[in-house]
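Peer 1: coords below, sequence missing:
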Ligand SMILES: Cc1cc2nc3c(=O)[nH]c(=O)nc-3n(C[C@H](O)[C@H](O)[C@H](O)COP(=O)(O)OP(=O)(O)OC[C@H]3O[C@@H](n4cnc5c(N)ncnc54)[C@H](O)[C@@H]3O)c2cc1C
């Protein structure tokens, strides 16, 4: 095992390559701070690839009176859409109404109604949904996203897959985002602005020496250890935020994280239109049904306490049943286990606000600076994918209390790599790509534009035939793309490519995945030898 010590001192050392760590690294690097980021696995390998993938205000949080969070997130949706029109797009959500829909018993709204309108008996009245949607439309200053409308499900195509008892629905706007690509593009942009991004690098300890942090890392592939120095430590370790505080830094802190698992199931496509459904259950919870990867439907999510971050989250049989039963309350087509083609699960690292249920725990973020050790450390709790950019701005404001930060906020309106085109420009970009690369099929071109935006051309280079892109691994994944992902986007193995850089894992079979893994292993060896 090799031991190295780095002589340079970074301003910030960020622990965690999820959306919060990468968002903070990008913002800080763009303000001229020197930044080092360590991620123990692949970027976005934990919670930030396991979300429902919505840039949303969070309609249900209104019932918890989380107005600050909802307003910030609503405003943020359009800022984010403009900066990344390739990986994010508007979506319409259909909310079927039925008088039996119930509240969760302990929301501030349900408690209030139980007192002032006891006859509602825990049911969610239609006027309350309309009020919520009115606020949703107006709290966040929409310019791009259309307003709420009402649907008669007896005539509308959105009613066709639903059971006949649903006759009325509300339709509102939120946005989709490719969560793991969002993380990777933030990391790339941070690196382009001078940050150092290290994946497969675990932080094993951090101690203060004078007014500097001395951080030990271990390369999880070679076992080599390295010592780094930094002026400020940023703990963005998501579900491990408490582990960093307690076992890596050994701080005497009372701040706690509440780990709440959420699982999703993916089925073959359940309906033909491109809108999502927002289903309310009789237990007061809600789930989404979302068109996914062209041929599939995504259903989720659940809320379950999760004991320990080291336990890999999995969709448990009871969670599968819960989601199937929930969907079966709405769809005509009755789903069973056999319809599930994939599941995934993630852990929300929520700030422990003492809420009674996992569903009720706050989704807002909390940033806590600790100076007990001598040098400052910022601990990040909670947050949403949607608020990552604002969280990074708040984090930089706190950094500014300890280090000199000369530049102010800058990230609003600055596109992520490949996102420098208009919000409604995806079709034009795909058409132009097909004109210049006539061998691309429509679905292939769209996939590339959605993943790489204006950079798709650079990835395709001067290819004039599909064969010019090298080995074909299946489902339009080519050697040229995999090389791009390995050299530009930190991919090391097949899973990095097919689950976090794209979702071709839904289409490739086991021998194809093995062939990709072997090819990447050989290629990585050649790259290391050439260095
Ligand atoms: C089921 C579910 C659905 C969700 N849906 C949405 C949604 O639709 N919209 C939305 O806005 N938000 C959503 N969220 C919330 C959002 O996904 C999270 O808030 C966000 O991803 C948290 O990001 P993070 O960077 O804090 O954590 P993570 O993504 O978990 O990143 C932390 C990283 O730190 C690394 N790490 C830990 N310890 C070490 C160490 N010692 N050394 C080096 N690295 C380390 C980990 O490997 C990990 O990659 C959802 C969350 C869940 C679970």
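Peer 2: Noted; the coordinates are in hand. What you see is a predicted model; the values in this text were computed from it and never measured.

Peer 1: burial count for the residue in the stretch 101-250 of the chain positioned nearest to the ligand?
Peer 2: In the stretch 101-250 of the chain, the residue found nearest to the ligand is residue 238; the distance is 2.4 Å by C-beta to the nearest ligand atom. Just so you know, the C-beta spots here come from the backbone N, C-alpha and C atoms, and that holds for glycine as well. When counting by other C-beta atoms under 10 Å, one arrives at 28 neighbours for residue 238.

Peer 1: wait, what's in contact with it?
Peer 2: For residue 238, the contact set (C-beta atoms under 8 Å, 6 or more residues apart in numbering) comprises 16, 18, 20, 46, 47, 48, 309, 347, 349.

Peer 1: Could you do residue 292 as well?
Peer 2: By C-beta under 8 Å, 6+ apart, the residues touching residue 292 are 266, 298.

Peer 1: again, only this time at 10 Å
Peer 2: Counting by C-beta atoms under 10 Å, 6 or more residues apart in numbering, residue 292 touches 53, 176, 264, 266, 267, 269, 276, 298, 299, 342, 503, 506.

Peer 1: Could you pull up the contacting residues of the last one?
Peer 2: Counting by C-beta under 10 Å, 6+ apart, residue 506 touches 266, 292, 293, 294, 295, 296, 341, 342, 475, 498, 499.

Peer 1: Need phi/psi at it.
Peer 2: Residue 506 adopts backbone torsions of phi -70, psi -20, taken as degrees, to the nearest 10.

Peer 1: any idea how far residue 342 is from it?
Peer 2: Using C-beta to C-beta, to the nearest Å, residue 506 is found at 6 Å from residue 342.

Peer 1: list residues touching both of these two?
Peer 2: With C-beta under 10 Å, 6+ apart as the test, residue 506 and residue 342 both reach 266, 292, 293, 296, 499.

Peer 1: just checking, the third one touches residue 498?
Peer 2: It refers to residue 293. No: using C-beta atoms under 10 Å as the test, residue 293 is too far from residue 498 to be in contact (11.7 Å).

Peer 1: out of the two, which sits in the more crowded spot?
Peer 2: Neighbour count, other C-beta under 10 Å: between residue 293 and residue 498, residue 498 has more, with 24 against 17.

Peer 1: contacting residues for the more buried one?
Peer 2: The neighbourhood of residue 498, defined by C-beta under 10 Å, 6+ apart, consists of 473-475, 477, 491, 504-508, 512-513, 516-517.

Peer 1: of these, closest to residue 321?
Peer 2: Distance to residue 321, by C-beta to C-beta, is smallest for residue 506 among the contacts of residue 498, at 22.2 Å.

Peer 1: Test for you: state the pLDDT assigned to that closest one.
Peer 2: pLDDT, residue 506: 98.

Peer 1: where does the protein have low pLDDT?
Peer 2: Where the chain drops to pLDDT under 70, the residues are 102-106, 108-121, 123.

Peer 1: What residues does it have near the ligand?
Peer 2: The chain comes close to the ligand at residues 15-21, 38-41, 45-48, 50-54, 56, 202-203, 236-240, 248, 262, 301, 346-349, 383-386, as judged by C-beta under 6 Å from any ligand atom.

Peer 1: one more time with 5 Å
Peer 2: Neighbours of the ligand within the chain, by C-beta under 5 Å from any ligand atom: 16, 18-20, 38-41, 45-48, 51-52, 54, 202-203, 237-238, 240, 262, 301, 346, 348, 383-386.

Peer 1: Inside strands: which ones of those?
Peer 2: Cross-referencing the residues of the chain next to the ligand against strands under DSSP state E gives 38, 54, 202, 203, 262, 346, 348.

Peer 1: tell me which of these is nearest to the ligand?
Peer 2: residue 262 (2.4 Å).

Peer 1: List the contacts of the closest one.
Peer 2: Neighbouring residues of residue 262 by C-beta under 10 Å, 6+ apart: 47, 50-52, 300-304, 306, 313, 315, 319, 344-348, 358.

Peer 1: residues in contact with the longest helix anywhere in the chain?
Peer 2: Secondary structure of the chain read by DSSP state H shows that its longest helix is helix 510-530. With contacts defined as C-beta under 10 Å, 6+ apart, helix 510-530 is touched by 221, 470-475, 477, 479, 482-483, 485-487, 491-498, 504-505, 508.

Peer 1: if you set the cut-off to 8 Å instead, what comes out?
Peer 2: Contact partners of helix 510-530, identified using C-beta under 8 Å, 6+ apart, comprise 471, 473-475, 477, 479, 482-483, 486-487, 491-494, 497-498, 505, 508.

Peer 1: so how far is that helix off the chain centroid?
Peer 2: Its chain's average C-alpha position is 27 Å from that of helix 510-530, according to C-alpha atoms, centre = their mean, to the nearest Å.

Peer 1: Are there helices or strands packed against the helix or strand harbouring residue 72, and which ones?
Peer 2: In this structure, residue 72 sits in helix 67-83 according to DSSP states H and E. In terms of contacts (3 or more C-beta pairs under 8 Å, 6 or more residues apart in numbering; DSSP states H and E), helix 67-83 is packed against strand 54-55, strand 88-97, helix 126-139, strand 168-177, helix 388-399.

Peer 1: Show me what the second one is packed up against.
Peer 2: Using 3+ C-beta pairs under 8 Å, 6+ apart as the contact definition, the elements that strand 88-97 packs against are helix 67-83, helix 126-139, strand 168-177, strand 276-280.

Peer 1: so where do the helices sit in the chain?
Peer 2: 19-30, 67-83, 108-116, 126-139, 179-192, 241-243, 317-328, 388-399, 426-436, 442-452, 456-460, 479-488, 494-495, 510-530.

Peer 1: Could you say which of the ones you listed is packed most deeply?
Peer 2: helix 19-30 (a mean of 29; mean count of other C-beta atoms under 10 Å).

Peer 1: Spit out the contact partners of the nearest residue to residue 347 once chain neighbours are set aside.
Peer 2: Leaving aside its chain neighbours, residue 347 sits nearest to residue 239 (4.5 Å; criterion: C-beta to C-beta, 6 or more residues apart in numbering). Residues in contact with residue 239 (C-beta under 8 Å, 6+ apart) are 46, 47, 257, 259, 306, 309, 347, 349.

Peer 1: can you pick the most crowded of the residues you listed?
Peer 2: Taking other C-beta under 10 Å as the neighbour criterion, residue 349 ranks highest of the contacts of residue 239 with 28 neighbours.

Peer 1: Specify the beta-bridge partners of that residue.
Peer 2: Legend: beta-bridge partners of residue 349 under DSSP bridges are residue 259.

Peer 1: isn't it right up against residue 47?
Peer 2: Yes: here residue 349 reaches residue 47: they are 6.6 Å apart, a contact under C-beta atoms under 8 Å.

Peer 1: Contacts only, for the most centrally placed residue in the chain.
Peer 2: In the chain, the centroid-proximal residue (C-alpha atoms, centre = their mean) is residue 179; its distance is 3.4 Å. Residues in contact with residue 179, defined by C-beta under 8 Å, 6+ apart, are 19, 44, 48, 49, 50, 51, 53, 385.

Peer 1: doesn't residue 183 make contact with the fourth one?
Peer 2: I take that to be residue 49. Yes: contact between residue 49 and residue 183 holds when scored by C-beta under 8 Å: they sit 7.5 Å apart.

Peer 1: Give me the buried subset of the ones in strands among the residues of the chain next to the ligand.
Peer 2: Among those, those buried by neighbour count (16 or more other C-beta atoms under 10 Å) are 38, 54, 202, 203, 262, 346, 348.

Peer 1: with those in mind, which one is nearest to residue 169?
Peer 2: For those, the residue nearest residue 169 by C-beta to C-beta is residue 54; the value is 18.4 Å.

Peer 1: just checking, that closest one touches residue 175?
Peer 2: Yes: applying C-beta under 8 Å as the test, residue 54 and residue 175 come out as touching, 6.8 Å apart.

Peer 1: Identify the contacts common to the two.
Peer 2: Common neighbours of residue 54 and residue 175 are listed as residue 91 (criterion: C-beta under 8 Å, 6+ apart).
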